[in-house]
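Visitor: fold the following and give me the result.
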Amino acid sequence: MEESAMKVGIIRCQQTEDMCPGTTDFKVAREGKLAFAETGPVEVIGFLSCGGCPGKKAISRAKLMVDRGAEIIAFASCIKKGNPIGFPCPHFAQINEAVVKKVGSEVQVIDWTH
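Guide: Numbering: from 1, shown residues only. I've put the predicted structure just below:
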């Protein structure tokens, strides 16, 4: 990984932790594909869950990753798209809005990964 690669923190759905290790999230980030096509390859510096429904911990966890160097916060596709369980997060819009407000305009927020 180049030293100039942007740093990303990924937030995943806690409900999918026991059925998805995040392999595809890491792969598309490393390869700079799909949601990371515009940024190019990125370095994942954190991979945390939302904390469980209704996802309130996602806000403080996003800020924590930004404080530790994340320039991008990405929501894993399990949240917005419902991969792999086929059930998108019913709280996503509110979580996304709160994260954007908390991390500020300097931090890019991506609402999916793959």
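Visitor: who touches the worst-scoring helix or strand of the chain on mean pLDDT?
Guide: None of the helices or strands of the chain scores lower by mean pLDDT, DSSP states H and E than helix 77-80, at a mean of 95. Contact with helix 77-80 is made by 11-13, 15-16, 20, 24-25, 50, 55, 83-85, 88-89, 92, 95, 111-114, as judged by CB atoms under 8 Å, 6 or more residues apart in numbering. Any C-beta I mention is one placed from the backbone N, CA and C, and that applies to glycine too.
Visitor: of those residues, which belong to helices?
Guide: 24, 25, 92, 95 (DSSP state H).
Visitor: now the two most distant members of the residues you listed.
Guide: 24 and 95 (20.9 Å; CB to CB).
Visitor: more neighbours: which of these two?
Guide: Using other CB atoms under 10 Å, the more surrounded residue of residue 24 and residue 95 is residue 95, with 23 against 17.
Visitor: now do the more buried one against residue 89, distance only.
Guide: Taking CB to CB, to the nearest Å as the criterion, residue 95 is separated from residue 89 by 7 Å.
Visitor: likewise for residue 114?
Guide: Where residue 89 is concerned, residue 114 sits at a distance of 16 Å (CB to CB).
Visitor: list the neighbouring strands of the helix or strand hosting residue 8 plus their orientation.
Guide: Using DSSP states H and E, residue 8 sits within strand 6-12. With DSSP bridges as the test, strand 6-12 is paired with strand 42-49 (parallel), strand 72-75 (parallel).
Visitor: need those strands in CSV (columns: mean pLDDT).
Guide: Below are these laid out as CSV (pLDDT from 0 to 100):
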stretch, mean pLDDT
strand 42-49, 97
strand 72-75, 98
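Visitor: tabulate these (a markdown table), appending distance to residue 63 and mean neighbour count.
Guide: Shown next, in a markdown table, are these (distance: least, CB to CB, whole Å; neighbours: other CB atoms under 10 Å):
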| stretch | distance to residue 63 | mean neighbour count |
| --- | --- | --- |
| strand 42-49 | 11 | 19 |
| strand 72-75 | 9 | 26 |
